[in-house]
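[1] Here is my input, please return the structure:
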Amino acid sequence: THQLATKGFDDFTQFSHQHPFIEADTTKWPVHVSMQDSPRPRMIKTHGPLRHLPREAKVIFIVRDPRIVCADFYKHSLFTNQLKFGSEWDVFVQRFLDGHLFYGDWFEHTHEFWANRDDPNILFLTMEDMLKDLRPVVDQVVDFLGYDLTPAEVDKLMPRFGFAYMKEHENRFDFTQLYP
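    The predicted model follows:
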């Protein structure tokens with residue numbers, strides 16, 4: 001959304017300094033910008049439930065296969081030392097299935113957004129659709145957010161939405177490099 005909103009302006013040193021992550025305690029994890037210090041218009045990252053978000057906010061919800069979510073969350077939790085109950089994979093999976101991890105119940109969380117997918121302020125997307133053919137998804141985002149972009153402008157930005165671009169500019173996108 002940043003690339004679309006700014007028509008490709010990417011004069012930032014670190015993405016996590018540009019867009020706040022609501023759940024991040026910026027006193028404990030100063031790698032994230034605080035809500036107060038983030039530039040406007042704000043694009044906020046969250047794993048929070050819909051019921052905690054302002055009703056007037058435009059929300060883009062991206063869902064992934066829960067098996068992939070569980071595996072990636074496990075790796076992330078190992079990296080950030082958030083596994084207070086130990087690091088056994090089978091224990092983690094059971095806690096994920098039971099909804100007893102940091103972000104709560106993935107199934108309940110996803111269902112809340114799915115049940116509200118027809119709300120005009122919610123755009124419900126799947127990671128699988130994004131990986132299969134990103135352009136139609138980007139067009140949906142442009143329309144949903146009301147950005148005034150021509151097809152040629154979107155074409156010019158498309159390479160910036162891929163993993164190759166983020167890998168090439170890893171110092172801007174990989175917040176894990178900022179962890180102590």
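[2] Let me see the mean pLDDT of the biggest helix by length in the chain.
    As assigned by DSSP state H, the longest helix anywhere in the chain is helix 66-79. Mean pLDDT, helix 66-79: 89.
[3] any idea how far V59 is from the residue most central in space within the chain?
    The residue lying closest to the centre of the chain (C-alpha atoms, centre = their mean) is K45, at 5.3 Å. According to C-beta to C-beta, to the nearest Å, K45 stands 12 Å off from V59. For every residue, glycine as well, the C-beta is placed using N, CA and C.
[4] again with E153
    24 Å.
[5] and if you look at Y74?
    26 Å.
[6] Touching, W89 and F73? I think so.
    No. Using C-beta atoms under 8 Å, W89 is not in contact with F73; the gap is 11.6 Å.
[7] hmm, back to that, okay, E153 and V59: which has more neighbours?
    V59 (18 against 14; other C-beta atoms under 10 Å).
[8] Nearest spatial neighbour of the more buried one, chain-adjacent residues omitted?
    I122 (5.0 Å; C-beta to C-beta, 6 or more residues apart in numbering).
[9] next one: phi and psi at that neighbour?
    phi -120, psi 130 (degrees, to the nearest 10).
[10] Next, count neighbours for it.
    Neighbour tally, I122, other C-beta under 10 Å: 18.
[11] Isn't it up against I62?
    No. In this structure I122 lies outside contact range of I62 using C-beta under 8 Å: 11.6 Å.
[12] if we look at stretch 145-164, which residues are touching it?
    For stretch 145-164, the surrounding residues in contact (C-beta atoms under 8 Å, 6 or more residues apart in numbering) are 1, 3-5, 7-8, 10, 58, 134-135, 138-139, 142, 165.
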